[in-house]
Every structure is written in C-alpha cells, then in structure tokens.
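Participant: Turn this into a structure:
(chains A and B)
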Amino acid sequence: KNQVEQSPQSLIILEGKNCTLQCNYTVSPFSNLRWYKQDTGRGPVSLTIMTFSENTKSNGRYTATLDADTKQSSLHITASQLSDSASYICVVSADTGRRALTFGSGTRLQVQP
Amino acid sequence: EPEVTQTPSHQVTQMGQEVILRCVPISNHLYFYWYRQILGQKVEFLVSFYNNEISEKSEIFDDQFSVERPDGSNFTLKIRSTKLEDSAMYFCASSSDYNEQFFGPGTRLTVL
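Facilitator: The predicted model follows:
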C-alpha cells in the first residue's frame, strides 16, 4: 500500500532560525514528490515538485531534497518567518497513469517571535 | 493570478440530507479533483474527472457520491444522503497536466 510518513509531527522554532522536515515514502513506482504548505482552514499550496531525476529544488527560502534510492525527502526552511507557521505536507504521485496523490500527515510548524 | 474557487465556504446540513459542493476550476485546466480532509487527519483523494467522465476514484467515493460538470465552468460534488462521518473539509483541485494541481480554499461540511 502506498504510504507517506512525515516527521516530526510538530515543531516549534524561533523566528530567524532554520529547520528541516522529513518525509519517507513507499509509493511505487515513483513519479514525483511535492511539498505543500497548508495554512489552517485553507487549501494546500504547492512549494516544490521533484521528479525521479531531481535531487534538490529551491523556491525562495524553501529547499527540498530527494533521495529516490532511500525514498526520502526533506524540506529545509531558511531564516524562518512568522508567516511560515503552517502545516507542511509531503505528497507523492505514483507513475501508474493515475493522478491521485498520496498525502502525508504533515508537520505542523509554529514559528515564534 | 488565476485560482480555484469553492462555494460555500461552510455548509451545515442535517444527516440524511443531500448537499452539493461547488467548485470553479482554473479556466484552461482539463483535469479536476475532489479531496477531503477530516479534522486532524490526512488529505484523502476522492475522485478525478477528465473529458466529462470519472477517470479514477477511491474506495471512499461510494454510491453516495457523484460528480458533475454541468457547464463549462463549474465542477460539483454531490453527497446524496449525508452521514455524520462525511463531516470534513472538501477541497477541489484542478490541473492542466500531470504535475501541478492547484487547490481551492475548501468547503467545510458539518453534518448534524
């Protein structure tokens, strides 16, 4: 069964600090991996999408890495801001012609002043 | 910037009633999706729709659920006889290709 696991479940950091969120997946065959940011009560917003051949991708202060061999990904947030407080969700798509996405439970990040 | 819109933002209904959740996908997109998120749980795929028919659905999407694109702009999710466990946020998404799916803000459905 396709699964996406994320850690930590929640994280509190001080404004200006960096943090790294982890994602492990068992989706097969792998197509692509996405990181989404979801503010409370809102829909997910895409941060990055990576395919099998990409091992790093940046979007401003967000940098995602992908190790397709170990089936792991990370999302690094640099110089955190209060507006980064949200849930960060790792989402994986299988290369089966299906468009359904498998979502992780998310990491709830709280940035404190 | 174009975005997916959903109405209503919050729907309260009695158990057993029918509800229709509405979505307006991004105008040049061809693929449409519904997801749901029960409070405190993961986002779950319900159904995808392309070329006026369902292309894929999950085990959650049983006979109580149906989708329709009644005109060139709207995409609807109907729940025929709501149950308490249908209470959730329902997200509509659309995409122009296999990769990027753009999500709407969601409709919070509360079944009493």
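Participant: need the strands for chain B, in chain order.
Facilitator: Under the criterion DSSP state E, strands of chain B are mapped to B:5-7, B:10-13, B:19-24, B:31-37, B:43-50, B:53-57, B:65-68, B:75-79, B:88-95, B:102-103, B:107-111.
Participant: Tell me which strands the second one pairs with, and in which orientation.
Facilitator: Strand B:10-13 has the following strand partners under DSSP bridges: strand B:107-111 (parallel).
Participant: List of residues touching the partner strand?
Facilitator: Residues outside strand B:107-111 that contact it (CB atoms under 8 Å, 6 or more residues apart in numbering or on different chains): A:41, B:6-15, B:19, B:21, B:79, B:82-90. Yep, even glycine has a C-beta here, placed from its N, CA and C like the rest.
Participant: Buried ones from the residues you listed, can you make that a PyMOL selection?
Facilitator: What follows is the PyMOL syntax selecting those of the contacts of strand B:107-111 that are buried according to 16 or more other CB atoms under 10 Å in any protein chain shown:
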select buried, chain B and resi 6+11+13+19+21+79+82+86+87+88+89+90
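Participant: one step back: now mean pLDDT too, for the strands of chain B, in JSON lines please.
Facilitator: Shown next, in JSON lines, are the strands of chain B (pLDDT from 0 to 100):
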{"stretch": "strand B:5-7", "mean pLDDT": "95"}
{"stretch": "strand B:10-13", "mean pLDDT": "96"}
{"stretch": "strand B:19-24", "mean pLDDT": "97"}
{"stretch": "strand B:31-37", "mean pLDDT": "94"}
{"stretch": "strand B:43-50", "mean pLDDT": "92"}
{"stretch": "strand B:53-57", "mean pLDDT": "90"}
{"stretch": "strand B:65-68", "mean pLDDT": "96"}
{"stretch": "strand B:75-79", "mean pLDDT": "97"}
{"stretch": "strand B:88-95", "mean pLDDT": "95"}
{"stretch": "strand B:102-103", "mean pLDDT": "92"}
{"stretch": "strand B:107-111", "mean pLDDT": "97"}
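Participant: Among those, which comes closest to residue A:30?
Facilitator: Distance to residue A:30, taken as CB to CB, is lowest for strand B:43-50 among the strands of chain B, at 16.9 Å.
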